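Asks: here is a sequence with its predicted model. Questions after.
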Amino acid sequence: MSERIQVIKGDITKQAVDAIVNAANCSLLGGGGVDGAIHRAAGPELLEECRTLDGCKTGQAKITKGYKLPAKYVIHTPGPIWRGGQRNEVDLLSSCYENCLKLASRHGCATVDFPSISTGVYHFPLEKASVIAITTIAEYLKKHKEIQRVRMVCFDDRTKDFYQRALDDLGEDL
Ligand code: ADP
């Protein structure tokens, strides 16, 4: 088990870290789920900044300030919608995690919290998503010592159990 990757149960809008990740949609103009919760907690200035960003492609990421959130930055990434697995969903989900971490590095963020991208209304199977997330984060952290800690902040026990199992199965010290 690695201490640089952690799995917790919690509300990502409450986390005082350098950056939280938003499981956004391509418009970057807000939505339901964790996206709605982040916009509500950050206040209307977040939407104002998002309007200037011209959207974001699936698997890519864009960064804004955190406004009223305890986190300094929000990194917005639209995850893939699960359409059965033949539409590049696995690579796109991995790209989400990697591109968010690249932006975090570039902005000097040492602590980053992720929600479970794509496993809500986008219906990515949780077991596959958890393994992709944990392995992608682990590969990145091996090469990038500037990121001190990454947490998966899971909203419910079932989600937390899957990510914890994926982390235990990794069996590596980072
Ligand atoms: P997607 O469209 O990428 O599937 P959702 O927001 O529908 O995104 O769901 C992604 C995950 O975020 C789900 O596991 C959902 O339970 C979780 N979630 C919802 N609200 C929060 C929150 N405040 N903090 C952390 N996770 C949350």
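Replies: On my side now, so go ahead.
Asks: tell me how many other residues crowd W82.
Replies: Residues lying near W82 (other C-beta atoms under 10 Å) number 17. Glycine gets a C-beta too; all of them are placed from N, C-alpha and C.
Asks: residue contacts, the residue positioned nearest the centre of the chain?
Replies: Note on the chain: the residue nearest the mean C-alpha position is F114, at 3.3 Å, using C-alpha atoms, centre = their mean. Contacts here follow C-beta atoms under 8 Å, 6 or more residues apart in numbering; on that basis F114 touches 12, 20-21, 97, 100, 133, 137, 150-153.
Asks: turn the residues you listed into TSV, columns for neighbour count and pLDDT.
Replies: Below are these laid out as TSV (neighbours: other C-beta atoms under 10 Å; pLDDT from 0 to 100):
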residue	neighbour count	pLDDT
I12	27	98
I20	31	99
V21	31	99
Y97	26	99
C100	29	99
A133	27	98
I137	28	98
V150	28	98
R151	21	98
M152	28	98
V153	25	98
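Asks: which of those residues lies closest to the ligand?
Replies: Among the contacts of F114, I12 lies closest to the ligand (C-beta to the nearest ligand atom), at 3.7 Å.
Asks: ok, and the closest non-adjacent residue to the closest one?
Replies: What sits nearest to I12 in space, not counting adjacent residues and going by C-beta to C-beta, 6 or more residues apart in numbering, is V153, at 4.4 Å.
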